[in-house]
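1. Give the three-dimensional model of this entry:
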Amino acid sequence: MRPDALPLPVLTAQRTTVRNRILGDIRGLFYSRARGYVYTMPTRNPLSPLSATLPLRQIYSVSRLAREAKALLEEGFPLLWIEGEVSNLARPASGHCYFTLKDSQAQVRCALFRGNQRTLGCVPKDGMHVVLRARVSLYEGRGEFQLVVEHLEEAGEGALRRAFEALKNRLAIEGLFDPDRKKALPALPRRIGVVTSPSGAVIRDIITTLRHRFPLIEVRIYPVPVQGAGAAERIAAAIRLAGERRDCDALIVARGGGSLEDLWPFNEEVVARALSECPLPVVSGVGHETDFTIADLVADARAPTPTAAAVMLSPDYREWLAELAAGEQRLRRCISNRLDSTRQRLDWLASRLVHPADRIARLKQRLADLLRRLRLAQTAHHNAAAAKLLTAAARLHGLSPTARIRQAQLRVAHLHQRLGLTVHQGLERGGHRLAAVSGRLETLSPLATLARGYAIVQSDDDGTLIQDAAQTRPGQRIRVTLAQGHLKALIEKPGQ
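-> You can find the predicted model right below:
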């Protein structure tokens, strides 16, 4: 909570606590020629534990006293808003600012350091009535009670500026300042409405400017007071009336320069709402170039002065005349060039124009020439085609396949004869080799051995060839292969 918003009982209690702490520490000091400054124990509660531990004599130095008094002041007072008049202003080479803040009954020294001066909205001057935010402190070097200023603004105007910023932020959140909602200004309005005072210099400047720049533009005045009580409501009503009548192409809301209080009707919410709801494009020309109002932010365009608003909505007829003259010159040159080009083409066409009889005669002659050339071309083409045909016939006869077929047939018959002889000879040689191989095979075949009474004995279990009686055992089954068939036997006793 801001200090200026604290309830009066709370502030009173804080100040009483600080005063009691200071007086309680100082009340125990007295001066004696023999002992100098002597600190005696407080007598409020001599039986308290704190009283029992304090020494009988405690001497404060000046610096200690100043330091503790400064700490008590800075801890006991929060940031305060204080109003008063500036006097004895001093600006040493350090860049800091020192002055006295006074009213009709008291004054206090103030220090405004250089770092805090950069954020100020105004420059303090002697005699200026200000509201400042400061910390209560004490300058130990001289033992002076002072205020360390953190912010300073002119009295009265500061409150208005805070209200201005609050309304500005609220309307910005609602979107009344968005560029997307602003309407375009007409290039050439036929009639302009002016919401301003009918008796001030502003309306005369606007009318004079419009007559000087474009005399054909009509002006409709919506007379309103531009400052004082009820001015904001009258201005808003005039804006709504102009929007309802819609007999103007654009609207100017204007007044001359002045203080923030003088311009305050144009910072009222009712005027801002009327501007945002107006269907006509609105130009705000309130105050001078350095003045800035809520109406400037809500309007579709802002002009630094009322005269500039009239200039913004009116074209300069001299510039239009200059542009028309330049357009006329360009049109004359274009027409002249077109006429010259058409004239040249007409001369060229006239040179090509001939009598129809002469043209028919020339066409007949050209037709006869074409017929003669056609006959010659046909004859030449026929002769060339006949020669080409004879050449192709000769080449075709030389390339006839009859002889090649006859030669191929003879070669096929010869090859067939050779193939038969080769096959017969190969079969004979193969038969001889087969007989020789069969004889050798018959000699080596085990079947011939078996035919002579021999047999092949094998184990019936795994087919192992048995060549020795020692390979057998009693009860083993054997297989005996003969020349014709085979036998299975059971060994009772192996022989030697």
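
2. can you give me phi and psi for residue 124?
-> When quoted as degrees, to the nearest 10, the phi and psi of residue 124 stand at phi -70, psi 140.

3. Am I right that it is in contact with residue 89?
-> Yes. Counting by CB atoms under 8 Å, residue 124 touches residue 89, with 6.3 Å between them. Where you see a C-beta, it was placed from the backbone N, CA and C, and this is true even at glycine.

4. Between the two, which contacts overlap?
-> The contact sets of residue 124 and residue 89 overlap at 97, 99 (CB atoms under 8 Å, 6 or more residues apart in numbering).

5. Neighbour count for those two, which is higher?
-> residue 124 (21 against 17; other CB atoms under 10 Å).

6. separation between the nearest residue to the more buried one once chain neighbours are set aside and residue 123?
-> With CB to CB, 6 or more residues apart in numbering as the criterion, residue 124 has its nearest non-adjacent residue at 5.1 Å, and that residue is residue 86. From residue 86 over to residue 123 the distance is 10 Å, taken as CB to CB, to the nearest Å.

7. So between those two, which is more surrounded?
-> Each of residue 86 and residue 123 has its neighbours counted (other CB under 10 Å); residue 86 has more, 20 against 10.

8. residue contacts, the more buried one?
-> 99-101, 124-130 are the contacts of residue 86 under CB under 8 Å, 6+ apart.

9. can you confirm the residue nearest to residue 124 is in a strand?
-> Yes. With DSSP: H, G, I helix; E, B strand; the rest coil as the criterion, residue 86 is part of a strand.

10. Tell me what it is bridged to.
-> residue 101 (DSSP bridges).

11. from the chain's centre, how far out does the helix or strand harbouring residue 166 sit?
-> Per DSSP states H and E, residue 166 falls inside helix 157-174. Its chain's C-alpha centre and that of helix 157-174 lie 30 Å apart, by CA atoms, centre = their mean, to the nearest Å.

12. How about residues contacting that helix?
-> Contacts of helix 157-174 (CB under 8 Å, 6+ apart): 121, 131, 153, 177, 259-261, 264, 267, 269, 272, 294, 297-298.

13. Of these, just say which sits nearest to residue 374.
-> residue 177 (88.0 Å; CB to CB).

14. Quick check: which element contains the closest one?
-> Mapping residue 177 onto the secondary structure by DSSP H and E places it in no helix or strand at all.

15. just the helices in the stretch 151-300 of the chain please.
-> All helices of the stretch 151-300 of the chain, identified by DSSP state H, counting those that start in this stretch, fall at 157-174, 201-213, 231-245, 269-277, 294-298.

16. Pick the most deeply packed of those.
-> helix 294-298 (a mean of 23; mean count of other CB atoms under 10 Å).

17. so how far is residue 291 from the closest residue to residue 206 other than its chain neighbours?
-> Spatial nearest neighbour of residue 206, chain neighbours left out: residue 310 (4.6 Å); criterion: CB to CB, 6+ apart. Note on residue 310: its distance to residue 291, by CB to CB, is 17 Å.

18. now residue 107
-> Using CB to CB, residue 107 is found at 34 Å from residue 291.

19. what about these two, which has more around it?
-> The residue with more neighbours, out of residue 107 and residue 291, is residue 291; 19 against 13, by other CB under 10 Å.

20. ok, now which ones touch residue 205?
-> 306-307, 310.

21. run the last query once more with 6 Å
-> 306-307 (CB atoms under 6 Å, 6 or more residues apart in numbering).

22. picking up where we left off before, what's the closest of the helices of the stretch 151-300 of the chain to residue 415?
-> Nearest of the helices of the stretch 151-300 of the chain (CB to CB): helix 157-174, 110.5 Å.

23. Restrict that closest one to CA atoms and write it as CSV.
-> Extracted in CSV, the C-alpha atoms of helix 157-174 (Å, rounded to 0.1, in the frame of the first residue of the first chain):
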residue,chain,number,x,y,z
GLU,A,157,-1.0,17.9,-13.0
GLY,A,158,0.6,14.8,-11.6
ALA,A,159,-2.8,13.4,-10.5
LEU,A,160,-4.2,14.2,-13.9
ARG,A,161,-1.3,12.4,-15.6
ARG,A,162,-1.9,9.3,-13.4
ALA,A,163,-5.5,9.3,-14.4
PHE,A,164,-4.4,9.8,-18.0
GLU,A,165,-2.1,6.8,-17.9
ALA,A,166,-4.8,4.6,-16.2
LEU,A,167,-7.4,5.4,-18.8
LYS,A,168,-4.9,5.0,-21.6
ASN,A,169,-3.9,1.5,-20.4
ARG,A,170,-7.5,0.4,-19.9
LEU,A,171,-8.6,1.6,-23.4
ALA,A,172,-5.5,0.0,-25.0
ILE,A,173,-6.5,-3.3,-23.4
GLU,A,174,-10.0,-2.9,-24.9
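
24. Now do it and helix 269-277, the angle between them.
-> Calculated by axes from the mean of the first three to the mean of the last three CA atoms, to 10 degrees, helix 157-174 forms an angle of 30 degrees with helix 269-277.
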